[in-house]
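Chemist: With the sequence up front, the predicted model follows.
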Amino acid sequence: DQQVKQNSPSLSVQEGRISILNCDYTNSMFDYFLWYKKYPAEGPTFLISISSIKDKNEDGRFTVFLNKSAKHLSLHIVPSQPGDSAVYFCAASMDSNYQLIWGAGTKLIIKP
Amino acid sequence: KAGVTQTPRYLIKTRGQQVTLSCSPISGHRSVSWYQQTPGQGLQFLFEYFSETQRNKGNFPGRFSGRQFSNSRSEMNVSTLELGDSALYLCASSWDNYEQYFGPGTRLTVT
(Lines give C-alpha, C1' and ligand atoms only; values in the text may rest on other atoms or scores of the structure.)
Protein backbone atom coordinates (compact mmCIF):
# COMPACT_ATOMS: atom_id res chain seq x y z
CA ASP A 1 0.00 0.00 0.00
CA GLN A 2 1.67 3.19 -1.21
CA GLN A 3 1.19 5.90 1.36
CA VAL A 4 2.82 8.55 -0.82
CA LYS A 5 1.83 8.66 -4.47
CA GLN A 6 3.18 10.58 -7.41
CA ASN A 7 0.75 9.64 -10.14
CA SER A 8 2.59 11.26 -13.03
CA PRO A 9 5.69 9.27 -14.02
CA SER A 10 6.79 12.11 -16.28
CA LEU A 11 6.04 15.73 -17.12
CA SER A 12 7.24 17.85 -20.02
CA VAL A 13 7.29 21.65 -19.71
CA GLN A 14 8.50 24.47 -21.94
CA GLU A 15 11.49 26.45 -20.65
CA GLY A 16 10.32 29.61 -18.91
CA ARG A 17 6.89 28.22 -18.04
CA ILE A 18 5.65 26.94 -14.69
CA SER A 19 6.26 23.30 -13.73
CA ILE A 20 3.78 21.79 -11.28
CA LEU A 21 4.58 18.45 -9.71
CA ASN A 22 1.93 16.73 -7.62
CA CYS A 23 1.99 14.36 -4.69
CA ASP A 24 -0.86 12.70 -2.76
CA TYR A 25 -0.67 10.92 0.55
CA THR A 26 -3.02 8.68 2.48
CA ASN A 27 -1.75 8.81 6.05
CA SER A 28 -3.20 11.77 7.94
CA MET A 29 -0.48 11.35 10.58
CA PHE A 30 2.17 12.69 8.20
CA ASP A 31 3.16 16.14 9.33
CA TYR A 32 6.33 16.93 7.46
CA PHE A 33 6.86 16.81 3.72
CA LEU A 34 9.93 17.18 1.56
CA TRP A 35 10.85 17.37 -2.09
CA TYR A 36 14.09 15.97 -3.43
CA LYS A 37 15.61 16.23 -6.87
CA LYS A 38 17.68 13.48 -8.48
CA TYR A 39 19.97 13.63 -11.49
CA PRO A 40 21.09 10.40 -13.20
CA ALA A 41 24.03 8.67 -11.52
CA GLU A 42 23.69 10.89 -8.43
CA GLY A 43 21.87 10.53 -5.15
CA PRO A 44 18.78 12.68 -4.45
CA THR A 45 19.39 16.19 -3.13
CA PHE A 46 17.10 18.04 -0.77
CA LEU A 47 15.09 20.83 -2.42
CA ILE A 48 12.42 22.21 -0.13
CA SER A 49 10.22 21.11 2.75
CA ILE A 50 7.00 22.09 4.50
CA SER A 51 5.55 21.43 7.91
CA SER A 52 1.87 20.60 8.30
CA ILE A 53 1.33 23.80 10.27
CA LYS A 54 1.92 25.75 7.05
CA ASP A 55 0.19 25.68 3.70
CA LYS A 56 2.95 27.27 1.66
CA ASN A 57 6.73 27.50 1.69
CA GLU A 58 8.80 29.41 -0.80
CA ASP A 59 12.49 29.29 -1.69
CA GLY A 60 13.50 31.23 -4.77
CA ARG A 61 11.93 29.67 -7.84
CA PHE A 62 10.51 26.79 -5.81
CA THR A 63 7.24 26.87 -3.87
CA VAL A 64 5.56 23.97 -2.13
CA PHE A 65 1.84 24.06 -1.37
CA LEU A 66 0.15 21.78 1.14
CA ASN A 67 -3.59 21.04 1.20
CA LYS A 68 -4.15 18.94 4.31
CA SER A 69 -7.85 18.39 3.77
CA ALA A 70 -7.16 16.94 0.31
CA LYS A 71 -3.95 15.21 1.49
CA HIS A 72 -2.20 16.77 -1.44
CA LEU A 73 0.96 18.74 -1.97
CA SER A 74 2.48 20.28 -5.03
CA LEU A 75 5.81 21.74 -6.04
CA HIS A 76 5.81 24.76 -8.34
CA ILE A 77 8.92 25.77 -10.25
CA VAL A 78 8.79 29.23 -11.83
CA PRO A 79 10.31 29.87 -14.29
CA SER A 80 11.42 26.41 -15.37
CA GLN A 81 15.03 26.13 -16.53
CA PRO A 82 16.85 23.38 -18.46
CA GLY A 83 18.81 22.46 -15.31
CA ASP A 84 15.54 21.59 -13.62
CA SER A 85 15.26 18.47 -15.78
CA ALA A 86 15.54 15.66 -13.24
CA VAL A 87 13.45 13.18 -11.28
CA TYR A 88 11.57 14.76 -8.39
CA PHE A 89 10.64 12.73 -5.33
CA CYS A 90 8.08 13.64 -2.73
CA ALA A 91 8.63 12.28 0.79
CA ALA A 92 6.62 12.40 4.01
CA SER A 93 7.26 11.75 7.66
CA MET A 94 5.52 11.63 11.03
CA ASP A 95 6.74 13.55 14.02
CA SER A 96 7.51 10.43 16.04
CA ASN A 97 10.57 9.53 14.00
CA TYR A 98 12.47 10.81 11.03
CA GLN A 99 11.79 7.89 8.73
CA LEU A 100 10.79 9.16 5.30
CA ILE A 101 8.15 7.52 3.12
CA TRP A 102 8.85 8.19 -0.54
CA GLY A 103 6.81 8.53 -3.68
CA ALA A 104 7.86 6.81 -6.90
CA GLY A 105 9.13 10.02 -8.48
CA THR A 106 8.18 12.21 -11.44
CA LYS A 107 10.60 12.78 -14.28
CA LEU A 108 10.52 16.44 -15.28
CA ILE A 109 11.73 17.34 -18.78
CA ILE A 110 12.25 21.00 -19.60
CA LYS A 111 12.06 21.63 -23.33
CA PRO A 112 14.11 24.51 -24.84
CA LYS B 1 32.84 19.42 3.97
CA ALA B 2 33.04 16.04 2.21
CA GLY B 3 29.75 14.50 1.13
CA VAL B 4 28.41 11.02 1.66
CA THR B 5 30.58 8.42 -0.03
CA GLN B 6 29.59 4.93 -1.04
CA THR B 7 31.78 2.07 -2.18
CA PRO B 8 31.85 0.35 -4.50
CA ARG B 9 29.95 2.35 -7.12
CA TYR B 10 29.22 -0.66 -9.30
CA LEU B 11 29.05 -4.34 -8.51
CA ILE B 12 28.15 -7.48 -10.42
CA LYS B 13 27.35 -10.63 -8.48
CA THR B 14 25.74 -13.97 -9.26
CA ARG B 15 22.69 -15.47 -7.63
CA GLY B 16 23.35 -17.06 -4.28
CA GLN B 17 26.37 -14.92 -3.48
CA GLN B 18 26.48 -12.33 -0.74
CA VAL B 19 27.53 -8.70 -0.96
CA THR B 20 28.62 -5.95 1.43
CA LEU B 21 28.18 -2.27 0.61
CA SER B 22 29.83 0.54 2.50
CA CYS B 23 28.76 4.07 3.34
CA SER B 24 30.72 6.90 4.94
CA PRO B 25 28.43 9.68 6.20
CA ILE B 26 29.12 13.38 6.35
CA SER B 27 31.35 14.18 9.30
CA GLY B 28 29.23 14.81 12.38
CA HIS B 29 26.17 13.00 11.09
CA ARG B 30 25.10 10.15 13.33
CA SER B 31 22.11 8.85 11.41
CA VAL B 32 22.59 6.65 8.34
CA SER B 33 19.70 5.30 6.28
CA TRP B 34 19.76 2.78 3.46
CA TYR B 35 17.37 2.67 0.52
CA GLN B 36 16.80 0.45 -2.46
CA GLN B 37 15.76 2.14 -5.68
CA THR B 38 14.30 0.20 -8.58
CA PRO B 39 12.67 1.66 -11.71
CA GLY B 40 9.11 2.78 -11.02
CA GLN B 41 9.29 1.94 -7.31
CA GLY B 42 10.85 5.04 -5.90
CA LEU B 43 13.01 4.69 -2.83
CA GLN B 44 12.22 1.73 -0.62
CA PHE B 45 13.46 2.17 2.93
CA LEU B 46 15.69 -0.63 4.20
CA PHE B 47 16.84 0.50 7.65
CA GLU B 48 18.27 3.37 9.62
CA TYR B 49 21.09 3.36 12.13
CA PHE B 50 21.72 5.95 14.77
CA SER B 51 24.69 5.79 17.12
CA GLU B 52 25.40 2.16 16.18
CA THR B 53 21.82 1.03 16.85
CA GLN B 54 19.19 0.12 14.31
CA ARG B 55 16.46 2.65 14.96
CA ASN B 56 14.05 1.98 12.09
CA LYS B 57 13.54 -0.95 9.76
CA GLY B 58 11.63 -1.33 6.51
CA ASN B 59 9.81 -4.35 5.12
CA PHE B 60 12.68 -6.28 3.65
CA PRO B 61 13.55 -9.94 4.29
CA GLY B 62 16.19 -10.94 6.79
CA ARG B 63 18.68 -11.45 3.96
CA PHE B 64 19.19 -7.69 4.17
CA SER B 65 21.13 -6.59 7.20
CA GLY B 66 23.28 -3.71 8.26
CA ARG B 67 25.44 -2.28 10.95
CA GLN B 68 26.98 0.98 12.00
CA PHE B 69 30.39 1.51 13.50
CA SER B 70 31.48 3.91 16.22
CA ASN B 71 32.73 6.39 13.61
CA SER B 72 29.19 6.36 12.06
CA ARG B 73 30.33 4.52 8.96
CA SER B 74 27.78 1.93 7.94
CA GLU B 75 27.68 -1.28 5.97
CA MET B 76 24.79 -3.22 4.54
CA ASN B 77 24.92 -6.86 3.65
CA VAL B 78 22.71 -8.90 1.37
CA SER B 79 23.04 -12.66 1.58
CA THR B 80 21.87 -15.29 -0.89
CA LEU B 81 21.42 -12.77 -3.68
CA GLU B 82 18.40 -13.02 -5.96
CA LEU B 83 17.89 -11.53 -9.42
CA GLY B 84 15.32 -9.15 -7.93
CA ASP B 85 17.97 -7.61 -5.70
CA SER B 86 19.43 -5.83 -8.72
CA ALA B 87 18.97 -2.15 -7.90
CA LEU B 88 20.61 1.10 -6.95
CA TYR B 89 21.37 1.09 -3.22
CA LEU B 90 21.47 4.55 -1.71
CA CYS B 91 22.85 5.61 1.60
CA ALA B 92 21.81 8.87 3.26
CA SER B 93 23.14 10.55 6.36
CA SER B 94 21.64 13.22 8.54
CA TRP B 95 22.36 15.02 11.75
CA ASP B 96 19.15 13.49 13.10
CA ASN B 97 16.51 15.44 11.32
CA TYR B 98 14.38 15.18 8.23
CA GLU B 99 16.98 16.56 5.83
CA GLN B 100 18.98 13.68 4.48
CA TYR B 101 22.11 13.88 2.38
CA PHE B 102 22.54 11.11 -0.14
CA GLY B 103 25.57 9.41 -1.56
CA PRO B 104 25.81 8.58 -5.28
CA GLY B 105 24.68 5.01 -4.69
CA THR B 106 25.98 1.54 -5.48
CA ARG B 107 24.59 -0.05 -8.61
CA LEU B 108 24.23 -3.78 -7.91
CA THR B 109 23.58 -6.19 -10.76
CA VAL B 110 22.76 -9.81 -9.96
CA THR B 111 23.13 -12.29 -12.81
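Modeler: Structure received.
Chemist: switch to C-alpha atoms for all contacts and neighbour counts from now on
Modeler: Noted.
Chemist: Which of the three states applies to A:His76?
Modeler: strand (DSSP: H, G, I helix; E, B strand; the rest coil).
Chemist: Test my guess that it contacts A:Leu21.
Modeler: Yes. Taking CA atoms under 8 Å as the definition, A:His76 is a contact partner of A:Leu21 at 6.6 Å.
Chemist: Neighbour count for the two, which is higher?
Modeler: It is A:Leu21, of A:His76 and A:Leu21, that has more neighbours when counted by other CA atoms under 10 Å in any protein chain shown, with 24 against 17.
Chemist: any idea how far the lowest-mean-pLDDT helix or strand in chain A is from the chain center?
Modeler: Within chain A, no helix or strand scores below strand A:101-102, which has a mean of 89 by mean pLDDT, DSSP states H and E. Strand A:101-102 has its C-alpha centroid displaced from the chain centroid by 11 Å (CA atoms, centre = their mean, to the nearest Å).
Chemist: does any bit of it sit next to chain B?
Modeler: Yes. Strand A:101-102 comes into contact with chain B (CA under 8 Å from any CA of the partner chain), by way of A:Ile101, A:Trp102.
Chemist: Mind listing what's buried along whichever helix or strand comes after that strand?
Modeler: Counting by DSSP states H and E, the next helix or strand C-terminal to strand A:101-102 is strand A:106-111. The neighbour-count check on strand A:106-111 (16 or more other CA atoms under 10 Å in any protein chain shown) flags A:Thr106, A:Lys107, A:Leu108, A:Ile109, A:Ile110 as buried.
Chemist: Output the contacting helices and strands for strand A:106-111.
Modeler: strand A:10-14, strand A:86-93 (3 or more CA pairs under 8 Å, 6 or more residues apart in numbering or on different chains; DSSP states H and E).
Chemist: out of the ones you listed, which comes closest to chain B?
Modeler: For chain B, the closest of the helices and strands packed on strand A:106-111 is strand A:86-93, at 7.7 Å, according to CA to the nearest CA.
Chemist: Turn the helices and strands packed on strand A:106-111 into CSV, columns for distance to A:Leu100, mean neighbour count and mean pLDDT.
Modeler: Shown next, in CSV, are the helices and strands packed on strand A:106-111 (distance: least, CA to CA, whole Å; neighbours: other CA atoms under 10 Å in any protein chain shown; pLDDT from 0 to 100):
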stretch, distance to A:Leu100, mean neighbour count, mean pLDDT
strand A:10-14, 22, 15, 97
strand A:86-93, 5, 25, 94
